[in-house]
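*Asks:* structure for the following, please:
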Amino acid sequence: MQIRRTKIIATLGPATDSPEVLGAVIGAGATILRINLSHGTHEQQVARVKQVREVADSLKKEVAILADLRGPKIRIEQFADGAITLETGDRFTLDTADVPEPGTQSMVGVTYKGLANDVSAGDLLLLDDGLLTMQVVEVRGRHIICEVELGGILRDRKGINVKGGGLSLPGIAEHDIEDIPRAAAMDVDYLAVSFPRNADDMNEARKRLRKAGSNASLVAKIERTEAIKNLDEIIAASDVILIARGDLGVEIGDAELPGLQKQITNKAMDQNRIVITATQMMQSMIENPIPTRAEVLDVANAVLDGTDAVMLSAETAVGRFPVAVVEAMHRICLGAERHGDIDAEVTHLNVQFERIDQAIAMAAMFMATHVSVHGIVALTESGSTAQWLSRVRSAVPIFALSAVGASRRRMAMYRGVYPVALDSHSRNIEALLSDSIQMLLKKEYLKLGDRIILTMGEHAGREGGTNTLRLITVGESGYTDHNPTLVF
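*Replies:* Residues are numbered from 1 along each chain as shown. Reported below is the predicted structural model:
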């Protein structure tokens with residue numbers, strides 16, 4: 001049976017608030033569930049996280065939770081009547097007043113009060129993900145006077161982007177400073193930073209997250225022109241890179257987006273980071289029960305490029321078919337993986353190793369390309385060995401056994417890694433190994449006669465202690481060890 005290597009992220013919302021639907025979404029293949037802090041109340045978000053933990057436990061599934069900070073996204077304020085219709089050629093004013101009046105047919109407030117200082121005549125503003133565009137004619141005090149180039153319906157709280165970027169607002173907004181401790185208190189596994197400009201933004205978020213008592217991994221959402229200019233340093237300062245194609249595509253232009261997506265993926269993989277591809281991947285399934293062929297190809301291409309995870313947003317949060325869209329994405333990922341180039345790229349980790357577990361992971365993947373094996377079994381405390389193993393593309397499944405729940409949930413994001421709860425209490429390494437193999441046999445991940453590569457530490461329960469690689473064959477009485485054994 002083929003096991004899907006690419007992971008699926010589903011965003012929570014009203015469509016998944018039923019425990020039955022949530023359980024079906026997890027059962028269909030979602031391994032990471034996303035809380036978008038831009039929507040809903042704090043109480044609703046806490047309730048959703050609690051429900052995810054309860055449902056995942058009942059299904060005996062390892063499911064990670066990703067909290068997505070609101071970030072410094074610029075939005076218009078509200079209209080007196082909820083929306084207006086703009087025609088091409090209309091004059092329209094954006095008001096940066098501290099206390100804006102309700103919007104009218106000719107003017108509306110904006111959330112970013114420094115916008116008037118960042119734009120000038122000739123700049124192109126894109127509203128509602130580029131569905132409406134207007135050119136700045138004049139900046140007069142707090143007023144930005146524009147001419148509509150592409151009209152349409154403009155509703156409350158829609159976003160604003162400047163074509164080409166250039167905004168000076170910080171990557172960590174005031175509301176993010178409040179939300180980071182809240183996310184820490186919810187015990188999320190991943191925290192996404194929206195609109196980071198540089199490594200300093202990521203470092204600031206990490207400092208605040210650690211101060212709040214959380215060891216969650218940090219996700220950088222690449223969605224600003226400034227982030228592209230500082231891409232290498234942002235990747236180095238992050239654990240995960242998320243290609244947020246909505247705002248990014250608006251700022252750089254849709255023609256540049258496909259090539260840039262591949263560039264970001266490759267750069268992240270070069271630094272051995274986890275990669276998420278996101279935004280409108282199955283957009284039509286918000287209303288329709290099947291995806292378009294273009295969406296099928298979009299998801300498949302991201303998988304073939306080597307992304308760790310593909311993400312669903314509105315499709316599961318507010319869509320009509322939250323379970324069906326996960327099932328469809330699952331099928332597409334499996335299909336792409338069947339036809340992809342799955343020969344292990346052992347030269348990918350061509351670095352000077354600073355840690356023994358990195359060297360063990362590289363040796364294991366090198367062995368997997370030259371010796372026929374059915375899987376790699378990693379006994380890991382923190383999950384770091386499994387992460388390094390997953391950075392080399394291979395068809396060999398990685399079964400990561402850990403007694404630490406947070407580590408197992410974090411590994412739910414890693415491509416080709418299948419976290420398993422290690423419930424053996426033995427401190428004897430041979431007994432622990434025997435218990436682990438029996439557990440994998442019971443779950444039908446392995447069968448008698450399978451040859452596997454094992455990575456482990458000489459001292460069980462020690463974080464960062466992986467220093468041993470063994471080649472073994474699964475037998476009725478446990479296993480047969482094949483020499484040589486590699487120990488650092």
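
*Asks:* only C-alpha atoms from now on, for both contacts and neighbour counts.
*Replies:* Fine.

*Asks:* which elements pack onto the helix or strand where Ile8 lies?
*Replies:* Using DSSP states H and E, Ile8 sits in strand 7-11. The contact analysis (3 or more Cα pairs under 8 Å, 6 or more residues apart in numbering; DSSP states H and E) places strand 7-11 against strand 30-36, strand 309-312, helix 314-317, helix 322-339.

*Asks:* can you give me the pLDDT of Gly165?
*Replies:* Here, the pLDDT recorded for Gly165 equals 86.

*Asks:* low-confidence ranges, this structure, go.
*Replies:* 1, 340-354, 424-427, 458-465, 476-488 (pLDDT under 70).

*Asks:* any idea how far Ala309 is from the residue most central in space within it?
*Replies:* Centroid-nearest residue in the chain, with Cα atoms, centre = their mean: Ile276, separated by 4.3 Å. Using Cα to Cα, to the nearest Å, Ile276 is found at 5 Å from Ala309.

*Asks:* my guess is Val296 contacts Arg331, does it?
*Replies:* No - using Cα atoms under 8 Å, Val296 makes no contact with Arg331, being 9.6 Å away.

*Asks:* these two: which has the busier surroundings?
*Replies:* Taking other Cα atoms under 10 Å, Val296 and Arg331 do not tie; Val296 has more neighbours (19 against 16).

*Asks:* contacts only, for that one.
*Replies:* By Cα atoms under 8 Å, 6 or more residues apart in numbering, the contact set of Val296 is Met282, Ile332.

*Asks:* three-state assignment of it?
*Replies:* Under DSSP: H, G, I helix; E, B strand; the rest coil, Val296 falls in the helix class.

*Asks:* for the following helix or strand past the strand holding Ile8, which positions count as buried?
*Replies:* Sequence order places helix 19-28 as the next helix or strand after strand 7-11, per DSSP H and E. Using 16 or more other Cα atoms under 10 Å as the test for burial, helix 19-28 gives Leu22, Gly23, Ala24, Val25, Ile26, Gly27, Ala28.

*Asks:* of these, closest to Asp247?
*Replies:* Closest to Asp247 out of those is Val25 (26.8 Å), distances taken as Cα to Cα.

*Asks:* pull the contacting residues for that closest one.
*Replies:* Contacts of Val25 (Cα under 8 Å, 6+ apart): Ala10, Thr16, Pro322, Val323, Val326.

*Asks:* likewise for Leu248?
*Replies:* Leu248 neighbours (Cα under 8 Å, 6+ apart): Ile222, Glu223, Arg224, Thr225, Leu257.

*Asks:* pretty sure the first one contacts Ile241?
*Replies:* Read it as Ile222. Yes - with contact defined as Cα under 8 Å, Ile222 reaches Ile241; the gap is 7.2 Å.

*Asks:* Ile290 and Asn203, how far apart?
*Replies:* In terms of Cα to Cα, Ile290 sits 41 Å off from Asn203.

*Asks:* other residues contacting stretch 176-183?
*Replies:* For stretch 176-183, using Cα under 8 Å, 6+ apart, the contacting residues are Leu37, Ala67, Leu69, Arg70, Gly71, Leu191, Ala205, Arg208, Leu209, Ala212.

*Asks:* for the fifth one, what is the enclosing helix or strand?
*Replies:* Meaning Gly71. Applying DSSP H and E, one finds Gly71 in no helix or strand.

*Asks:* re the thing from before, okay, the contacts of Leu248 in TSV with distance to Thr104, neighbour count and secondary structure next?
*Replies:* Shown next, in TSV, are these (distance: Cα to Cα, whole Å; neighbours: other Cα atoms under 10 Å; DSSP: H, G, I helix; E, B strand; the rest coil):
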residue	distance to Thr104	neighbour count	secondary structure
Ile222	34	27	strand
Glu223	30	23	coil
Arg224	29	27	coil
Thr225	31	23	helix
Leu257	34	17	helix
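
*Asks:* circling back: shared neighbours of Ile222 and Ile241, anything?
*Replies:* Joint contacts of Ile222 and Ile241 (Cα under 8 Å, 6+ apart) do not exist.

*Asks:* picking up where we left off before, now the buried residues of helix 19-28 as a markdown table including distance to Ala121?
*Replies:* Listed next are the buried residues of helix 19-28 as a markdown table, based on distance: Cα to Cα, whole Å:
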| residue | distance to Ala121 |
| --- | --- |
| Leu22 | 49 |
| Gly23 | 52 |
| Ala24 | 52 |
| Val25 | 48 |
| Ile26 | 50 |
| Gly27 | 53 |
| Ala28 | 51 |
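
*Asks:* tell me the SS of the closest residue to Leu124 other than its chain neighbours?
*Replies:* In space, and not counting its chain neighbours, Leu124 is closest to Gln135: 4.5 Å by Cα to Cα, 6 or more residues apart in numbering. Applying three-state DSSP to Gln135 yields a three-state assignment of strand.

*Asks:* and Gln135, how many residues sit next to it?
*Replies:* 22.

*Asks:* ok, now how distant is it from Phe321?
*Replies:* 38 Å.

*Asks:* now the helices for the stretch 101-250 of the chain?
*Replies:* Assigned by DSSP state H, counting those that start in this stretch, the stretch 101-250 of the chain shows helices spanning 115-118, 174-185, 199-211, 225-229, 231-236, 245-252.

*Asks:* now those helices as CSV including distance to Val49?
*Replies:* Listed next are the helices of the stretch 101-250 of the chain as CSV, based on distance: least, Cα to Cα, whole Å:
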stretch, distance to Val49
helix 115-118, 35
helix 174-185, 10
helix 199-211, 18
helix 225-229, 30
helix 231-236, 28
helix 245-252, 25
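
*Asks:* and these: which comes nearest Arg142?
*Replies:* The closest approach between Arg142 and any of the helices of the stretch 101-250 of the chain, judged by Cα to Cα, belongs to helix 115-118 at 6.1 Å.

*Asks:* now distance to Ala364 too, for the contacts of Leu248, in CSV please.
*Replies:* Shown next, in CSV, are those (distance: Cα to Cα, whole Å):
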residue, distance to Ala364
Ile222, 32
Glu223, 36
Arg224, 38
Thr225, 39
Leu257, 36
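
*Asks:* nearest to Ala314, of the residues you listed?
*Replies:* The closest of the contacts of Leu248, once distances to Ala314 are taken by Cα to Cα, is Glu223, at 17.7 Å.

*Asks:* nearest residue to that closest one other than its sequence neighbours?
*Replies:* Glu223 sits nearest to Leu248 (Cα to Cα, 6+ apart), 4.1 Å away.

*Asks:* show me the domain layout of this protein.
*Replies:* 7-71+170-337, 74-162, 346-487 (automatic domain parsing).

*Asks:* quick check: end-to-end length of the second one?
*Replies:* For domain 74-162, the first and last residues are 10 Å from each other (Cα to Cα).

*Asks:* and the host helix or strand of Ala268, how far from the chain's centre?
*Replies:* Taking DSSP H and E as the definition, one finds Ala268 inside helix 257-270. In terms of Cα atoms, centre = their mean, to the nearest Å, the centre of helix 257-270 is found 15 Å from the chain centre.
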